[in-house]
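requesting a structural model of the entry that follows:
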Amino acid sequence: MNFKDYIRDIPDFPKPGIIFKDITPLLATPKVFKEVIDTMADKVKDSDFDTIIVPEARGFLFGSALAYKLGKKLVPVRKPGKLPYDIVEVSYSLEYGETRIQMHKDALSKGEKVLIVDDVLATGGTIKAIETLVKKLDAEVSGILCLIELSFLNPREKLSNIKVDSILIY
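The predicted structure is shown next:
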């Protein structure tokens, strides 16, 4: 199955010059979404991790389905003001701006191994920021898994010490 057939390019979103990879056609096709989750599960079935960490918002879609399929703990990383308990936070640059992300302070235990799951790996900034949050809690990132990787943005340069798997590479 060619998953790229279910990814729609949206030019100039969210700002001029950006070509947004729209995953909603994939999500709207149950057999394709199931196949994507099964493919992701196969990619990491032999990896050593305890927890799946997912950034808001589209990472939730893939990470939660994968956590369910693999029987793993799920930890959300959110935008400021969305988590009700004590948090750790980091600021970082996106390919089109600045932002902050947060995670509950008690989300991870010391030495816990995590897999970061997201829909798109662009510049690597969000994943690098999540790695910083994980390290603040004395846990470790054992891998990264994304549906789409935008290789022309060279995201792996920021993530050179972490194993990265992507289902689709543009």
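
C-alpha from now on. contacts and neighbour counts both.
Fine.

buried residues, stretch 24-34. List them.
26-27, 32-33 (16 or more other CA atoms under 10 Å).

kindly apply the preceding question to stretch 109-117 instead.
112-117.

helices of the chain, residue ranges please.
Applying DSSP state H to the chain gives helices spanning 24-27, 30-44, 58-70, 125-136.

spit out the contact partners of the most centrally placed residue in the chain.
Residue closest to the average C-alpha location in the chain (CA atoms, centre = their mean): residue 118, at 2.0 Å. Contacts here follow CA atoms under 8 Å, 6 or more residues apart in numbering; on that basis residue 118 touches 54-55, 58-60, 62-63, 145-147.

repeat that for residue 157.
Under the criterion of CA under 8 Å, 6+ apart, residue 157 has no contact partners.

that one and residue 145, how far apart?
16 Å (CA to CA, to the nearest Å).

what's the pLDDT at residue 96?
Among the per-residue scores, residue 96 shows a pLDDT of 63.

cool, and residue 160?
83.

just the buried residues of stretch 109-117 now: which is nearest residue 73?
For the buried residues of stretch 109-117, the residue nearest residue 73 by CA to CA is residue 114; the value is 9.4 Å.

let me see the contact set for the closest one.
Residue 114 touches 49-53, 139-143, counting by CA under 8 Å, 6+ apart.

again, only this time at 7 Å
49-53, 140-142 (CA atoms under 7 Å, 6 or more residues apart in numbering).

for it, which residues count as its bridge partners?
residue 51, residue 141 (DSSP bridges).

reformat the helices of the chain as CSV; add mean pLDDT.
Below are these laid out as CSV (pLDDT from 0 to 100):
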stretch, mean pLDDT
helix 24-27, 98
helix 30-44, 98
helix 58-70, 97
helix 125-136, 96
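
pick the most buried one from these.
The highest mean neighbour count among these, using mean count of other CA atoms under 10 Å, belongs to helix 125-136: a mean of 20.

which elements pack onto it?
strand 87-94 (3 or more CA pairs under 7 Å, 6 or more residues apart in numbering; DSSP states H and E).

can you pull the buried residues of the strand it packs on?
87-90.

return the closest of these with respect to residue 134.
residue 88 (9.3 Å).

wait, the closest one sits on residue 100?
No - using CA atoms under 7 Å, residue 88 is not in contact with residue 100, being 10.5 Å away.

roughly how far apart are residue 170 and residue 132?
Per CA to CA, residue 170 is found 26 Å from residue 132.

thinking again about what came up before, just send the helices of the chain back as CSV, with distance to residue 81 too.
CSV is the format used below for the helices of the chain (distance: least, CA to CA, whole Å):
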stretch, distance to residue 81
helix 24-27, 26
helix 30-44, 30
helix 58-70, 17
helix 125-136, 16
